[in-house]
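Engineer: Have a look; sequence and predicted model below, questions after that.
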Amino acid sequence: MAVPHAGAAEGPEQIVNGDFSAGTAPWWWTENSPASVVDGELCAEVPAGTLNPWDAIIGQDGIPLIAGEGYELSFTAHASIPVTIRTNVQMAEEPWTTEHSSADQITTEPTAVSHIFAAADDNDAAQLAFQIGGSEEAFTFCLDDVSLTGGAEVPDYEPDTGSPVRVNQVGYLTEGPKSGTFVTDETAPLAWTLNAPDGSEAAAGTTEVFGTDPTSRQHVHTFDFSEVTEEGDGYTVTIAGETSEPFAIGDGLYSQLRSDALAYFYHNRSGIEIDAGLVGEEYARPAGHLNVEPNQGDDNVPCQPGVCDYTLDVTGGWYDAGDHGKYVVNGGISVAQVMANYERTLNTEGADGEPLGDGKLRVPEQGNGIPDILDEAAWQLDFLMKMQVPAGEELAGMAHHKIHDENWTGLPLLPHNDPQKRELHPPSTAATLNLAAAGAQCARLFEPYDAAFADRCLTAATTAWQAAVDNPEIYADPNDGTGGGAYSDNNVTDEFYWAAAELFVTTGDPVYREHLVNSPLHGDTDAVFPRGGLSWQSTAGLGALTLATVPNEFTAAELAGVRAMVTEAADGFAADSRAAAYGVPFGGTNYVWGSNSQVLNNMVVLGTAYDLTGESKYSDAVLRGMDYLLGRNPLNQSYVTGYGERDSKNQHHRHWANQLNSSLPNPAPGSVAGGPNVEIQDPVAQDKLQGCAPAMCYIDDIESWSTNEITINWNAPLAWVASFLDDLEPGDGNEEPEGSCEVTYTSYRWNSGFTSYVEIRNTGTEQVSPWELTWSFADNQKVTHHWSSQITQTGQDVTARPAAWNGTIAPGASVSFGFNGTSSGQVADPTAFRLNGAACTTP
C-alpha cells in the first residue's frame, strides 16, 4: 500500500541519478513512451490504448539486492490524468520474479510514495520497473526523487480485524442458532449483552471460555443467544466494552444472496454483451472474444502447436476466474452445481423453484418458458459440448481440457480488449468425464423444455463416456500453466464415479450401475466425501448426492447405502462445526487455495443430509457455516461482496478491478472470495502474510490471487447454499424425529477415568436392525476401550454401532454395551441420545 514518504532508510543508495540532475542515464523506457527531463523530472509520453501495465515502462537495471535485507523504495510522481501504475523490483529477465510489487495510485498532483520490503533472494542486477501502461487515454507521467536504500526495518503486517466481537454481519434466522465468538486473553467467563436496534438490552448472558483456537492462534470465548427471536435490523453484541458489527434477526435474509450469487454467472459470460438493463450501468460491458479487434476471438480457435490440425468454435461459456480462460474441469463442476440447485426443487419437499423460474433471474433469455437457472446453465453447457473432439479426429469424443490466452495478460483488462491469441489445449480424461456427467444431468433436466437440446446433451455425454473408457489415463500436463491455470488431475476414479452416477440416473442403463457398484469408491464415505470438501479434483460426491436425492433404479438397499454415506459425512462436518471456535464446518487447519469453497461444499453435503432426514443438527451446521463466511471468523471479514459491514471488495479479477482503476467496478454483490490459504503463493501474500495462522492467511488485495480470487466453482456452491437457506421455513428442523427407544446410561468414576454401561431398549413395535446410537459429551471425556459394540469418537461426538452378534433389537428387547474412558476437571453424563437419528427417552 502506498504511504507518505517516510524518508530514506540507513544504507547505501542503490539508484543512480534518482533526481535526474545528470540527465536521463542510466534510466530507460519502452520505445512507445519517449521520456526526457523536464523541470528536473523524468517525464514520459504514454500513448493511448495500451492494454497491459507492462506495455509502457520506465526502468533502471543493475540494482544489487541482498537476501533478507530490508529496503525502502521511495519516489514522487504525478500524471496528467489519474492513473494506477505498477511499481516492481524484480528480476531483469524471465521469469521476472518480483521482490516487491505494488499498485500505486498517481494523481495530477505530485504524490510522495514509499514502500518497505525484504528481498527474498540475492540478485546482483535486479530491475526497478515503473509499469505505466494499461490506459485507454494518452497521458504524461513524471517521476522524481527515486531512492532505494537498504537497512530498513520491515514492519510486521497487522490485519485490521475491527471489533473482537465476531458475528454474522448479515444476520440470523429467527428460529435458527445464534452464536458468536469473542477474541480476548481473559481466562474467566465474561458478561455479554445483546443490544436491540433501539439500544435497549434484548438479552444478556455469560461467555464460555473456549481457549486457543488452533486455526487462528487466538484465545477466544463463545456466546449464544439462540433464544432471541424478535425480528429487527441493527442488533449488536457488547462484551467487555467492545461492540460487534450490526446484524439483523429475521427471515428472508438470504433471498437476495440467492439471486446475486446466481447473477455472478451472467456477469462472467463470454461472447455476449452484458446488459445494463439486467446488471446496471456499472457492470455493463461489451461482448468479449467475438473476433472484434483487438480480440482474436473464440469462434475459430486452433490447438496449441502439435496438438491438432483443426479449429473449433468454442464461443460462449463462463470465464473461469480472474482470467479470461475457460476450463472444462472447472466448468463441469460449476454447471453441475447450478443445475443441482434447480434439481433440488424437483425432489425435495419445501425447496422452492419459483425464485429460479422464468423471469426471476438476471438472464437475457427471460420469457422463453424455461426456468432462468436452466437458461444460465445452457450457456455453459453449449460451450462444454463445443469442446468435444469432432468425429473422425484422433481422440474423437474426448473433450479438450481448456481454452485460454497464449500468454498471461495483466490487470485490469476487459474481455473485449484482450489481444492474445486463443488456443485449445490437449484433451484429457478428466475433462471428458466432466462433459459426460454434466451432459447426462442436462439431458434429464432440459427434456421437458427443449427436447432437442436434451438429446444433444445426452449424445455428447454417452460419446464422452465411451471415449473416456477407451482413454482412461490421459492427464493434463501439470506444467501447462502459461496463459491460464493447469488444472491437472492424475486420479480420475472420482470423475468416473460421478459420470456413471449421472448417466445411470438419466438412462437407467445397467452398464453404468455396474461401474458404480464395482467402483473402489462406492461405500467409502471418506473417499467420496473428503473432509477437505468436494472440488474440481474430488467430484465423486457430486454423483453420490445425485444418487441419494434424484429418483433412480438403485435397489432400496443400495439407495440406503448411498444415503448413509451422505449422512455419515454430514455427521463429521456437523461435529467439526460444533467443535470449532468459529462454528465452521471444516476440520483441521489445512486451509488451502479456495478454502471458502471447501467450507461451502461441506455445507452442501450438510444441507442434503437435512433434506434427507429433517434433522436440525445439519441445518444448524449450514447456518453456522454461513456465519463464518459472513463475518464470524478470525479476521472479522465477510468474504461475500456486498454482504456485511466488512466485506471483501478487491478480489482478483481482470475487469472488476476498482483497486487498480477507479473507473472500473468492484466485484458484483454475491461474489465470494477464495479465503485463507496457508500456501500464500502470490507475492502480496508472501510479503504480508509470512507466518500467518491458517485461518488468518488472507488479504483483500486484487494482487493476492492465491487468497482472494473469485471463480465460478466457488460461487456455484454459494448459490446452492443461499437457495437452501432461503428455503428454510421458520422453525424448520427444530422438532426432533420421534423415536421408539429408551436409553439407560450408568457411569462409575475412578481417578482420572470412568467406566460406563449403556442399555438401549426398543419401545416400538418393529425390530431395529442395524442400530446406531449417537450422543455428545459436554466436556473432554474420551473413550479409550469398549466392548459389545464398535465405538468411534470425533471431538465430543460419539457413535456406537453393533458388534457382530447384536445388530438387531426386537420389539421390547434390549442390547447393552460398555466402555472405559479418561476425563479431567468437571464431568457430566450425557443426557440426549439418538437411535438411528431419532431421539430416545431416558429414565
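Structural biologist: That came through fine.
Engineer: Ramachandran angles for the residue most central in space within the chain?
Structural biologist: Centrality entry for the chain: nearest residue to the mean C-alpha point is Ser597, 2.7 Å, by C-alpha atoms, centre = their mean. Dihedral pair for Ser597: phi -70, psi -30, per degrees, to the nearest 10.
Engineer: Against Tyr698, how distant is it?
Structural biologist: 13 Å (C-beta to C-beta, to the nearest Å). Every residue, glycine included, has its C-beta placed from N, CA and C.
Engineer: same question, Gly271
Structural biologist: With C-beta to C-beta as the criterion, Gly271 and Tyr698 are 33 Å apart.
Engineer: Look at these two and report which has more neighbours.
Structural biologist: Tyr698 (29 against 21; other C-beta atoms under 10 Å).
Engineer: wait, the more buried one sits on Lys688?
Structural biologist: No - counting by C-beta atoms under 8 Å, Tyr698 sits too far from Lys688 to count as a contact (10.0 Å).
Engineer: Does anything pack onto the longest helix anywhere in the chain? Which helices or strands?
Structural biologist: Among the elements of the chain assigned as helix by DSSP state H, the one spanning the most residues is helix 556-579. Under the contact criterion of 3 or more C-beta pairs under 8 Å, 6 or more residues apart in numbering; DSSP states H and E, helix 556-579 touches helix 525-528, helix 540-549, helix 595-613, helix 616-629, strand 789-794, strand 797-802.
Engineer: With respect to Leu424, which of these lies nearest?
Structural biologist: Closest approach to Leu424 among the helices and strands packed on helix 556-579 is made by helix 540-549 (25.6 Å; C-beta to C-beta).
Engineer: Give me the packing partners of the closest one, helices and strands only.
Structural biologist: helix 328-347, helix 429-446, helix 493-507, helix 525-528, helix 556-579, helix 595-613.
Engineer: from those helices, which stretch is densest packed?
Structural biologist: helix 429-446 (a mean of 29; mean count of other C-beta atoms under 10 Å).
Engineer: shared neighbours of Ser597 and Tyr698, anything?
Structural biologist: Both Ser597 and Tyr698 are contacted by Gly675, under the criterion C-beta atoms under 8 Å, 6 or more residues apart in numbering.
Engineer: Flag the shaky bits of the stretch 601-750 of the chain, pLDDT-wise.
Structural biologist: Flagging of the stretch 601-750 of the chain using pLDDT under 70 yields the residue ranges 730-738.
Engineer: That one: helices as residue ranges?
Structural biologist: Counting by DSSP state H, counting those that start in this stretch, the stretch 601-750 of the chain has helices at residues 616-629, 683-688, 705-708, 712-727.
Engineer: Of those helices, which is nearest Pro305?
Structural biologist: Between these, helix 705-708 lies closest to Pro305; by C-beta to C-beta that is 27.6 Å.
Engineer: would you put the C-alpha positions of that closest one in PDB?
Structural biologist: As requested, the backbone C-alpha atoms of helix 705-708 are provided in PDB (Å, rounded to 0.1, in the frame of the first residue of the first chain):
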ATOM      1  CA  TRP A 705      -4.600 -14.300  -6.400                       C
ATOM      2  CA  SER A 706      -3.800 -17.200  -4.000                       C
ATOM      3  CA  THR A 707      -6.100 -15.900  -1.200                       C
ATOM      4  CA  ASN A 708      -8.500 -13.500  -2.900                       C
END
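Engineer: Leaving out chain neighbours, which residue sits closest to Asp121?
Structural biologist: Ala67 (5.2 Å; C-beta to C-beta, 6 or more residues apart in numbering).
Engineer: now the strands for the stretch 251-400 of the chain?
Structural biologist: 301-302, 311-312, 326-327, 399-400 (DSSP state E, counting those that start in this stretch).
Engineer: Format the ones you listed as CSV; extra columns: mean neighbour count and mean pLDDT.
Structural biologist: Output for the strands of the stretch 251-400 of the chain, formatted as CSV (neighbours: other C-beta atoms under 10 Å; pLDDT from 0 to 100):
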stretch, mean neighbour count, mean pLDDT
strand 301-302, 19, 97
strand 311-312, 16, 98
strand 326-327, 30, 98
strand 399-400, 30, 98
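Engineer: can you tell me which of the ones you listed comes nearest to Ile760?
Structural biologist: Ile760 lies closest to strand 326-327 among the strands of the stretch 251-400 of the chain, at 51.0 Å (C-beta to C-beta).
Engineer: Neighbouring strands - and their directions - for that closest one?
Structural biologist: Sheet pairing here is set by DSSP bridges, and for strand 326-327 it gives strand 402-405 (antiparallel).
Engineer: hmm, who's touching the partner strand?
Structural biologist: 298, 301, 314, 323-329, 387, 418, 420-425, 431, 476, 483-485, 487.
Engineer: swap in stretch 472-489?
Structural biologist: 320-321, 323, 325, 327, 329-330, 395, 398, 401-402, 404-408, 420, 423, 425-431, 490, 492, 495-496, 536-537.
Engineer: how about the CA coordinates for that stretch, as CSV?
Structural biologist: Coordinates of the C-alpha atoms in stretch 472-489 are reproduced here as CSV (Å, rounded to 0.1, in the frame of the first residue of the first chain):
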residue,chain,number,x,y,z
PRO,A,472,-8.8,-43.7,-19.2
GLU,A,473,-5.4,-42.3,-18.4
ILE,A,474,-4.9,-39.1,-20.5
TYR,A,475,-4.0,-36.5,-17.9
ALA,A,476,-3.5,-32.7,-18.2
ASP,A,477,0.1,-31.6,-18.1
PRO,A,478,0.7,-30.0,-14.6
ASN,A,479,3.3,-27.7,-16.2
ASP,A,480,0.8,-26.3,-18.7
GLY,A,481,0.3,-23.1,-16.8
THR,A,482,1.3,-20.3,-19.3
GLY,A,483,-1.6,-18.0,-20.0
GLY,A,484,-4.0,-20.0,-17.8
GLY,A,485,-4.3,-22.5,-14.9
ALA,A,486,-3.1,-26.1,-15.4
TYR,A,487,-6.0,-27.8,-13.6
SER,A,488,-4.1,-31.1,-13.7
ASP,A,489,-5.6,-34.2,-12.1
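Engineer: How far does that stretch sit from its chain's centre?
Structural biologist: Centre-to-centre, stretch 472-489 and its host chain are 21 Å apart (C-alpha atoms, centre = their mean, to the nearest Å).
Engineer: And stretch 622-641, by the same measure?
Structural biologist: With C-alpha atoms, centre = their mean, you get 12 Å for stretch 622-641.
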